[in-house]
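Asks: have a look; sequence and predicted model below, questions after that.
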There are 2 protein chains.
Amino acid sequence: MTRELTVSIDAMGGDAGPGVVISALVRTLERQPGTHFLLHGDEAALTPLLGKFPKLKKRVTVRHAPERVTMDDKPSQIARRGQNTSMWRAVASVKKGEADVAVSAGNTGALMAMSLLQLRTIEGISRPAIASIWPTMKGRTVVLDVGANVTATAEQLVDFAVMGEAFAHAMLGLERPIVGLLNVGSEEMKGNDAVKGAAQILRAAKLPIAFHGFVEGNDITQGVVDVVVTDGFTGNIALKTAEGAAKLIAQYLKQALRRSLLGTIGGFFARGALNTLKRNIDPRAAAGGIFLGLGGIVVKAHGGTDAIGFAGALDMAIDMARADINARITTDRSAITPDMEQAALT
Amino acid sequence: MTRELTVSIDAMGGDAGPGVVISALVRTLERQPGTHFLLHGDEAALTPLLGKFPKLKKRVTVRHAPERVTMDDKPSQIARRGQNTSMWRAVASVKKGEADVAVSAGNTGALMAMSLLQLRTIEGISRPAIASIWPTMKGRTVVLDVGANVTATAEQLVDFAVMGEAFAHAMLGLERPIVGLLNVGSEEMKGNDAVKGAAQILRAAKLPIAFHGFVEGNDITQGVVDVVVTDGFTGNIALKTAEGAAKLIAQYLKQALRRSLLGTIGGFFARGALNTLKRNIDPRAAAGGIFLGLGGIVVKAHGGTDAIGFAGALDMAIDMARADINARITTDRSAITPDMEQAALT
């Protein structure tokens, strides 16, 4: 028997709008029939859409929110509309205990700011991080931070290691996930002060974490470790660069197949295989960014996502709530005392 | 009429050994028949190899070097053997004016250290950088630094912008290359202090450089700008992550085509097209790292390269020597006065 959960949703976030959200809910309800949904957004838009799905309608409570956060909003505009937005209220439901988890496809920066303001961080964690799941030669690898912070100290990288490990344990089903620190070489003397310091803490402390040492950029998709830890500046650029490389190769493949008659014939016969390839590198399958380290669970779906992508984010949110990953983060982080950090860094 | 050039070569660097270097020289000499080569390395190994290529032999002077730098050498070992190595002597030939340019497939860190010690930096440039050329949707883009330094100040990022622009102008044939700064978003307020400061200097100064502003990771392969500037930590990780992503996709494609009979048939008909794809994403075609900012021209070939890759590095070295790119770097850098930097950063 699994516990029935309530998911709070910002129905107005992202480019796609409430139609995509409702289609995603239909998909998710099939897989998770016991789920309740709190839908925050424009009641006049949401109610008629729900009318078409009577089975879903029974599981949904619509909460009217007069405002929304748009993708181009400046921080000042977001602050002004603040508590009247569907995004703020989706997170508030988690804060109030009405929902187990919140999901939004809206502006990442605004969602992180509103989540941090309302939910704070887990005790012992100084900053939240955004994690993403990458496909690899061996399976899947969690990479964090991919954009919550533009810098990270040694201690914050250690926080990310703890958070990423707990997530991989709960969500990838690994008993003891292997953690690596992203660097420009695998030798001990390489790297900037933050990664060198973090490695010292992770090596010195008798942590409940299996620390591999440094990994390089190409090790991510090789699946050398289960969790790759980096600062949000490098992680965000690595993630987007890899996405760009995948797009470029897909375009090369298309061009190459079109250029000759034999290529076109080959492409025709191989179209099943090529569709499998497309699915494998489809970023929608990996959900959006996963916020870790907050005092409640919030999942960010891709802003430009469709119903499949949004449903993936909903599934992940439900799984994270069931796994209670914040409890593991608290326990593991408290195993690293300030004394150990001090000893490693001096 | 093009001037006859002399290329100084570390024949013992890299994993492949002198056999690969000699094969590469044969290829390059066909394309650049007027070139002289100074070959530094083990005379007993090099002379018999050259005996098989009488035409090449006439253009080569062998200089015996008793030692070599291996890929696993620690800095202390390199320092001890130092001046007796083929790598040191290949660079020394440029310092002494015997050669126009040096090429080595050896240990990147050692080559950069030996080059910096002997050639110093160009006046006005505080640190050298390593550039790489990426294939993009629109052509090619220069990315730097990809590993010479693990940190960079705002002023050093500006140096890299000047160096990358001069390289793109000379080597990609662009009259006014467009330069972008790699960041986690394109908005002005995003990023760490170094990128924000560099953007201010590049915007404020009336530079002979076309500055686009910030670009994100996925913009590199989109070809949004001709030159992407970043610190060596982020750049190295982005480069290796993209290489890893390309490898993963190539493996997916292979697996997908093998999985079904139709896929296998399709792959057979499309094999010409698939080979074109393979060539397009072949890292050997892009030569190794290009060292910029040194008081002489040094090109690093990939350590694990074959004759095609090494010949690519030789061709690039010859083109760079002809283009005299250091002169453009000196002129452009001197256009940014300390006053302008001060004004932008305060």
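Replies: Structure received.

Asks: state the pLDDT value of residue A:138.
Replies: Residue A:138 carries a pLDDT score of 91 in this model.

Asks: can you give me phi and psi for the spatially closest residue to it that is not a sequence neighbour?
Replies: Spatial nearest neighbour of residue A:138, excluding adjacent residues (Cβ to Cβ, 6 or more residues apart in numbering or on different chains): residue A:223 at 3.3 Å. The way it works is simple: take the backbone N, C-alpha and C, and place the C-beta from them, glycine included. Per-residue torsions, residue A:223: phi 70, psi 30 (degrees, to the nearest 10).

Asks: how near is residue A:223 to residue A:143?
Replies: The gap separating residue A:223 from residue A:143 is 12 Å, by Cβ to Cβ, to the nearest Å.

Asks: state the number of residues packed around residue A:272.
Replies: Here the number of neighbours of residue A:272 (other Cβ atoms under 10 Å in any protein chain shown) works out to 14.

Asks: okay, and it sits in which element?
Replies: Per DSSP states H and E: residue A:272 is located in helix A:271-280.

Asks: for the helix or strand just after that helix, what is the distance to the chain centroid?
Replies: With elements assigned by DSSP H and E, the helix or strand that comes after helix A:271-280 is strand A:290-292. Centroid separation between strand A:290-292 and its chain, computed with Cα atoms, centre = their mean, to the nearest Å, is 5 Å.

Asks: for the helix or strand following strand A:290-292, output the C-alpha coordinates as CSV.
Replies: Scanning forward in sequence from strand A:290-292 by DSSP H and E, the next helix or strand is strand A:297-300. Extracted C-alpha coordinates of strand A:297-300, given in CSV (Å, rounded to 0.1, in the frame of the first residue of the first chain):
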residue,chain,number,x,y,z
ILE,A,297,10.2,19.3,-2.2
VAL,A,298,9.8,21.4,-5.3
VAL,A,299,10.3,20.1,-8.9
LYS,A,300,10.9,22.4,-11.9
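
Asks: which phi and psi does the closest residue to chain B within the stretch 1-150 of chain A have?
Replies: For the stretch 1-150 of chain A, the residue closest to chain B is residue A:150, as judged by Cβ to the nearest Cβ, at 4.7 Å. The phi/psi pair for residue A:150 (degrees, to the nearest 10) reads phi -90, psi -10.

Asks: ok, back up a step: which of residue A:223 and residue A:143 has more neighbours?
Replies: residue A:143 (22 against 18).

Asks: partners of the host helix or strand of that one, with directions?
Replies: Using DSSP H and E, the element containing residue A:143 is strand A:140-144. Strand pairing for strand A:140-144, using DSSP bridges, gives strand A:129-135 (antiparallel), strand A:227-229 (parallel).

Asks: please save the CA atoms from the first one in CSV.
Replies: Yep, that's strand A:129-135 we're talking about. The C-alpha trace of strand A:129-135 is given here as CSV (Å, rounded to 0.1, in the frame of the first residue of the first chain):
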residue,chain,number,x,y,z
ALA,A,129,21.1,23.3,-5.6
ILE,A,130,19.5,22.3,-8.9
ALA,A,131,20.2,18.7,-10.0
SER,A,132,19.7,17.1,-13.4
ILE,A,133,19.7,13.5,-14.5
TRP,A,134,21.9,12.6,-17.5
PRO,A,135,21.8,9.5,-19.6
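
Asks: residues in contact with it?
Replies: A:108, A:112, A:140-149, A:159-160, A:163-164, A:167, A:171-172, A:220-221, A:232, A:239, A:242, A:280-281, A:286-287, A:289-293, A:300, B:248 (Cβ atoms under 8 Å, 6 or more residues apart in numbering or on different chains).

Asks: list buried members of those by neighbour count.
Replies: A:108, A:112, A:141-149, A:159-160, A:163-164, A:167, A:171, A:220-221, A:232, A:239, A:242, A:280-281, A:286-287, A:289-293, A:300, B:248 (16 or more other Cβ atoms under 10 Å in any protein chain shown).

Asks: would you list every one of the helices in the stretch 101-250 of chain A?
Replies: With helices called from DSSP state H, counting those that start in this stretch, the stretch 101-250 of chain A shows them at A:108-119, A:154-171, A:193-204, A:217-222, A:232-258.

Asks: got a markdown table for those helices, with mean pLDDT too?
Replies: Below are the helices of the stretch 101-250 of chain A laid out as a markdown table (pLDDT from 0 to 100):
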| stretch | mean pLDDT |
| --- | --- |
| helix A:108-119 | 91 |
| helix A:154-171 | 95 |
| helix A:193-204 | 92 |
| helix A:217-222 | 94 |
| helix A:232-258 | 87 |
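
Asks: deepest of those, which one?
Replies: Burial of the helices of the stretch 101-250 of chain A is given as mean neighbour count (mean count of other Cβ atoms under 10 Å in any protein chain shown); helix A:154-171 ranks first at a mean of 25.

Asks: and the angle for that one with helix A:232-258?
Replies: 50 degrees (axes from the mean of the first three to the mean of the last three Cα atoms, to 10 degrees).

Asks: which ones are touching the residue nearest to residue A:138?
Replies: Neighbours of residue A:223 in contact, by Cβ under 8 Å, 6+ apart: A:136, A:137, A:138, A:139, A:141.
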